[in-house]
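Q: Everything below, folded, please.
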Amino acid sequence: MSYRNKLEYFINTLSMSNKTPNYFINWEKVVKNTNEFELELNTLNYLVGKEDIINETKKLFKNQPNLIKAIPSLIAERNKEIVMSYKKTKL
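A: Predicted coordinates for the structure are as follows:
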């Protein structure tokens with residue numbers, strides 16, 4: 001099944017709900033985390049639209065390793081522990 005067909009199926013089979021986004025998202029926590037990492041998140045915006053985003057990301061984290069602490073908030077990860085693999089892998 002193609003991506004488009006999967007998306008259409010998903011949209012067409014959604015059920016009605018009385019739940020608003022506030023039910024699923026703790027907006028106070030979102031704002032707190034955004035404010036806490038505002039500088040780091042703005043620095044990561046540098047990567048948006050880069051043609052060679054993989055190498056640009058590597059260079060950015062090599063020059064500013066403190067940016068890694070913003071990643072859990074960026075991806076909404078509850079566990080703030082970051083496990084990194086130094087094994088060379090092809091992305």
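Q: Please work out how many residues are found near Asn33.
A: Asn33 is flanked by 17 other residues according to other CB atoms under 10 Å. To be clear about C-beta, it is placed using only N, CA and C from the backbone, and glycine gets the same treatment.
Q: Go ahead and list the helix or strand containing it.
A: According to DSSP states H and E, Asn33 maps onto helix 27-36.
Q: Please apply the same query to Ile71.
A: Using DSSP H and E, Ile71 sits within helix 71-74.
Q: Could you list the low-pLDDT ranges of the protein?
A: Applying pLDDT under 70 to the chain flags the ranges 78-91.
Q: Off-centre distance for the helix holding Ile71?
A: Its chain's average C-alpha position is 6 Å from that of helix 71-74, according to CA atoms, centre = their mean, to the nearest Å.
Q: which parts of it are buried?
A: Neighbour-count burial for helix 71-74 flags 71-73 (criterion: 16 or more other CB atoms under 10 Å).
Q: same deal with stretch 4-12?
A: Within stretch 4-12, no residue counts as buried by 16+ other CB under 10 Å.
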